[in-house]
Structure formats: C-alpha cells, structure tokens
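*Asks:* Starting from these lines, generate the structure:
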Amino acid sequence: MFSTASMSRLLALTSLVPLVCAQFAERPLSAGPWFDGRVQGQALDFGQNDTSLDVETDVASIIDMRDVWTIAERRLNSIVYGRIAGGTSNEDTLHWNINSYREVHLRPRLLRDISNASIALNFSLYNGAGEEFPINASSPFFFAPSGSQGLVWPDGELATVGAAAEAGVVAAISSFSTVTYDVVGAAKSDNQTLWAQLYPTTMTRDEWLDWVKTRQDAGFSAVLITLDVTSDPLESRNWRAGNEHATLDEPFLNIITWDDVQYLKDNSPLPIVLKGIQTYEDAVLARDIGVAAIYLSNHGNRAADGVQSPLEVLLEIRKNAPGLVDEIPIFIDGGIYTGTNALKAIALGAKMVGLGRPVQFALTMGQAGVKKMIDTLYYELHQQLQLVGGNSLDELDASYVNTLRLDAFIPTYSS
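*Replies:* Below is the predicted model:
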C-alpha cells in the first residue's frame with residue numbers, strides 16, 4: 001500500500017502531466033507574425049525605386065513589432081530579408097526563443113500607487129582594475145550587435161547610433177559593421193554609450209588588447225566578446241533565398257579559452273562582457289573570473305540549432321546557481337519583441353535586454369524607423385510595469401511571474 005506521503009508525491013507528479021504534454025503540442029511553424037516565409041517584396045536600392053514605399057507613411061503606421069516586420073518584408077529583397085530573418089538548420093531554436101516567453105505568465109500586484117513608474121536604468125560596469133563605467137539609460141533595452149546594416153539602409157550603423165542617441169539607449173556595434181569604428185565613434189553624441197563586439201578568431205592576445213585600445217580611443221566603453229559562433233553554421237533559409245555566400249568562403253573559427261578570458265579581463269582597459277553564455281556552468285565560470293557582465297544569447301539561432309532559449313538559460317541559472325543573478329549583471333536577447341517579454345526577463349533577473357532583428361528591420365525606414373521601434377517598446381514596457389503594479393525595474397522579481405510551465409523542463413544538475 002502507498003503511504004500518505006507517497007500518494008501526495010504521486011498526485012503532485014500527475015498534476016504535471018498536462019503541462020509536460022503541452023510543451024510537446026503541435027505548434028505552427030510560424031512563430032506568430034514573424035518568420036512565416038511569406039513572399040518578400042523585391043524593392044531594391046533601399047526602396048528608393050519603388051514609389052509605393054514612403055518612409056514617413058510607414059513610420060507613422062507602426063503600432064507594434066508586427067508592423068515593423070511587415071514593412072521590412074515589403075522593403076527588402078528576398079536575399080537580404082532571408083539573411084536577417086532566418087536562423088540555422090531547421091530553425092527550431094528560432095521559434096523556441098519566442099515561444100518560451102509564452103510559457104511564462106505575469107502575476108500583477110494591485111492597489112499600488114504607480115503614478116511615478118519609471119523604466120530608466122542606472123548601473124555601472126567595471127574593468128579588471130576596478131575602474132567604473134557608468135550606464136545611464138532611458139530604458140533597459142539596448143541595440144545588440146548585428147552586422148552589415150548598410151545592406152538595409154544607406155547610412156547603416158550611423159542611422160542606428162543616431163536613433164540610440166535620440167532614445168537614450170545603449171548601442172553595440174558589430175564586428176561586421178559596414179561603417180568603421182572610428183567613424184561610428186566620431187558620430188556618437190556626448191554621453192552616449194557605445195559598446196564594441198569582438199570575435200577573437202585567430203588574433204593573438206597582444207592583438208586583442210590593441211584592438212580594445214583602438215575602440216576605447218574611438219569612444220567605446222565596453223567590449224562584448226562573442227563566444228557562441230565557434231564555426232560556420234548551416235544557414236538553410238539564407239541559401240534558399242539565393243545567397244551564394246550564406247556561409248563564408250573561408251572557414252570561420254572563433255577560438256578562445258577561459259585562460260584567454262582571464263587574461264583579457266585582467267589587462268583590458270574596458271569592461272569585458274561575455275556574449276553567448278548558454279549554460280549555468282559557464283555563467284558560474286564567468287562570474288568567478290570576474291568579467292563585467294554575462295550576456296545570455298544563442299545568436300538569435302544564427303549559431304547552433306536545437307539549443308535552449310536564453311530565457312531557459314536564465315531559469316537554469318536561477319535553479320542551479322542561486323544568487324548569481326544578484327552577483328553579476330545579466331544581459332539577454334532572443335525573442336525580445338515586446339515590452340511584455342522584456343518585463344518577464346527583467347523580473348527573472350536580467351539587467352538589460354537586447355534587440356537584434358527589431359533594429360535591422362526597423363532600419364529599413366532609416367533612423368526614424370529605429371527611433372519609432374524603440375519608442376514603441378519603451379511605451380509598452382512602461383505600460384506593462386504599471387499594469388503589474390511596479391514603479392521601477394528594481395522592484396521586479398520572480399514573484400511577478402509564474403514560470404511553472406517552463407520550470408518542469410529545467411533540470412537540477414549535480415555540481
């Protein structure tokens with residue numbers, strides 16, 4: 001016979017069955033209004049030769065990210081659109097980055113004075129010598145590094161940096177920027193925060209430090225070392241769109257070790273942020289080395305397919321490394337296409353939330369499009385903060401979300 005305790009445990013496990021089954025329920029290939037493979041427009045030359053495309057009209061029509069995606073589809077030719085929208089291999093991770101947020105529900109607190117709600121963000125990053133690099137931003141959103149923006153709009157990264165300055169948010173510039181770092185740095189506004197992305201590839205340590213110094217001289221205040229792309233992935237959608245250079249002609253090897261990270265942290269004049277952390281074990285190692293921040297990302301499914309979403313990694317850290325989210329700033333991207341998703345990530349411990357594809361697609365309307373996109377997300381996050389009963393981002397914690405549907409799939413690992 002079962003004991004009372006055994007029966008209680010059995011009933012508790014039985015109650016999880018519907019939740020577990022729901023995770024494997026058939027989902028449409030389309031992740032909502034995004035990545036649904038509709039026929040893209042063929043407007044070339046940034047839409048300048050298509051009189052039906054008017055920037056001012058398109059910008060004014062933006063209500064949320066659905067509009068940004070729809071406009072981008074009209075404005076971009078299929079090759080450029082496929083390069084930005086697509087992931088790798090079967091694109092399973094691309095969809096899961098978005099869908100995982102749907103499994104987390106908000107828990108609003110009521111009867112609170114939310115008249116002074118603010119989503120402004122103020123904190124600091126530190127280099128290995130302990131020097132402080134303050135960040136004062138209007139919101140926790142930042143522009144994640146995304147390359148080749150000159151393919152989307154003539155001004156490329158300069159338009160993105162201009163929009164970031166207008167909106168008061170941080171902008172990270174890709175190693176594959178179509179505008180050189182010194183030109184970007186010269187264009188930045190006073191007190192604007194810019195970060196630089198680094199792919200270590202086959203550089204020597206001295207070359208890394210020289211690289212960092214040139215970015216510091218250009219006005220950048222942190223380095224995002226990208227770890228999650230260690231070699232060329234299979235970009236299936238990109239190939240199908242007709243891009244014969246979907247994979248680089250020369251093999252791409254992004255080689256760096258934890259010893260290298262320690263060296264860079266100890267010797268870099270700028271704070272070091274590790275981009276591409278995908279397990280709690282690596283998050284712990286990064287914290288113990290003493291880097292300035294960790295950045296949870298799977299490169300928007302432009303690296304390995306079939307990996308966890310960054311949100312799942314955040315939950316894995318909370319479960320297996322309790323307290324880590326309070327010990328080191330955590331950045332996150334992947335599926336942050338609404339203010340609601342941003343709020344969920346912040347409640348679970350993220351300090352800042354990155355925008356990749358939203359920036360690229362909004363850039364099809366130039367600086368004005370990027371500014372309208374970030375304004376839209378700003379409004380939604382501010383509104384959602386009030387709706388859950390919060391006055392500041394610092395008030396948010398895990399009590400504001402119900403993660404049970406995802407928690408069932410986050411293992412507890414042995415140390």
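*Asks:* ok, now which ones touch L270?
*Replies:* When contacts are counted by CB atoms under 8 Å, 6 or more residues apart in numbering, L270 is found next to 127, 133, 212, 215-216, 220-223. In short, each C-beta sits where N, CA and C put it, glycine included.
*Asks:* Would you mind measuring from it to W195?
*Replies:* 9 Å (CB to CB, to the nearest Å).
*Asks:* what sits in contact with each of those two?
*Replies:* Shared between the contact lists of L270 and W195 (criterion: CB under 8 Å, 6+ apart) are residues 220-223.
*Asks:* Select from the contacts of L270 the one having the most neighbours.
*Replies:* Looking at these with neighbours defined as other CB atoms under 10 Å, the largest count falls to V223 at 26 neighbours.
*Asks:* you'd agree that one is up against A196?
*Replies:* Yes. V223 sits in contact with A196 when judged by CB atoms under 8 Å, with a separation of 5.5 Å.
*Asks:* Check the contact lists of the two and give me the overlap.
*Replies:* Common neighbours of V223 and A196 (criterion: CB under 8 Å, 6+ apart): 212, 215.
*Asks:* Now the residue nearest to the spatial centre of the chain. Nearest residue, chain neighbours left out?
*Replies:* Among the residues of the chain, the one closest to the centroid is D333, at 2.0 Å (CA atoms, centre = their mean). Excluding the flanking residues, the one nearest D333 by CB to CB, 6 or more residues apart in numbering is G354, at 3.3 Å.
*Asks:* Check the gap between the one you found and L227 for me.
*Replies:* According to CB to CB, G354 and L227 sit 15 Å apart.
*Asks:* Between the two, tell me which one has more neighbours.
*Replies:* Set side by side, G354 and L227 show more neighbours around G354, with 30 against 22, by other CB under 10 Å.
*Asks:* Contact partners for the more buried one?
*Replies:* By CB under 8 Å, 6+ apart, the contact set of G354 is 141-144, 172, 295, 297, 331-333, 336.
*Asks:* for this protein, longest helix please?
*Replies:* Of all the segments of type helix in the chain, defined by DSSP state H, the longest one is helix 366-387.
*Asks:* Which strands or helices does it pack on?
*Replies:* In terms of contacts (3 or more CB pairs under 8 Å, 6 or more residues apart in numbering; DSSP states H and E), helix 366-387 is packed against helix 55-60, helix 65-75, strand 141-143, helix 157-167, helix 339-347, strand 352-355, helix 357-362.
*Asks:* out of the ones you listed, nearest to R112?
*Replies:* Across these, R112 has its closest neighbour in helix 339-347 (15.5 Å, CB to CB).
*Asks:* angle of the closest one against helix 65-75?
*Replies:* Computed with axes from the mean of the first three to the mean of the last three CA atoms, to 10 degrees, the direction of helix 339-347 lies at 120 degrees from that of helix 65-75.
*Asks:* so what's the closest residue to E316 other than its chain neighbours up against?
*Replies:* Nearest-residue entry for E316: Y280, 4.7 Å, with adjacent residues in sequence omitted and distances by CB to CB, 6+ apart. With contacts defined as CB under 8 Å, 6+ apart, Y280 is in contact with 313, 316-317, 319-321, 324, 413.
*Asks:* next one: L377
*Replies:* Residues in contact with L377 (CB under 8 Å, 6+ apart) are 65, 139, 141, 338-339, 342, 355, 358.
*Asks:* can you map out the strands along the stretch 101-250 of the chain?
*Replies:* Listed in chain order, the strands of the stretch 101-250 of the chain (DSSP state E, counting those that start in this stretch) span 105-106, 121-126, 132-137, 141-143, 170-173, 194-198, 223-226.
*Asks:* Can you give me the neighbour number for the closest residue to G156 other than its chain neighbours?
*Replies:* Leaving aside its chain neighbours, G156 sits nearest to G150 (3.4 Å; criterion: CB to CB, 6+ apart). Counted with other CB under 10 Å, the neighbours of G150 add up to 17.
*Asks:* Relative to R357, how far out is G150?
*Replies:* As for G150, its distance to R357 is 17 Å (criterion: CB to CB).
*Asks:* now A159
*Replies:* To R357, A159 is 16 Å away according to CB to CB.
*Asks:* Next: S399.
*Replies:* Separation of S399 from R357 (CB to CB): 31 Å.
*Asks:* Of those two, which one has the most company?
*Replies:* A count of neighbours by other CB under 10 Å puts R357 above the other of S399 and R357, at 24 against 9.
*Asks:* Hmm, the more buried one is touching S146, no?
*Replies:* Yes. A contact is recorded between R357 and S146 when judged using CB under 8 Å, the distance being 7.5 Å.
*Asks:* what's the overlap in contacts for the two?
*Replies:* Shared contacts of R357 and S146, defined by CB under 8 Å, 6+ apart, are found at I84.
*Asks:* What sits closest to T93 if chain neighbours are left out?
*Replies:* Spatial nearest neighbour of T93, excluding adjacent residues (CB to CB, 6+ apart): N301 at 4.1 Å.
*Asks:* tell me, how many neighbours does that neighbour end up with?
*Replies:* Counted with other CB under 10 Å, N301 comes out at 26.
*Asks:* Just the pLDDT for it.
*Replies:* As summarised for this prediction, N301 has a pLDDT of 77.
*Asks:* Over to Q367?
*Replies:* The pLDDT attached to Q367 in the predicted structure is 97.
*Asks:* likewise the one 3 residues further on?
*Replies:* With respect to pLDDT, V370 scores 98.
*Asks:* residues contacting it?
*Replies:* Counting by CB under 8 Å, 6+ apart, V370 touches 159-160, 163-164, 359, 362-363.
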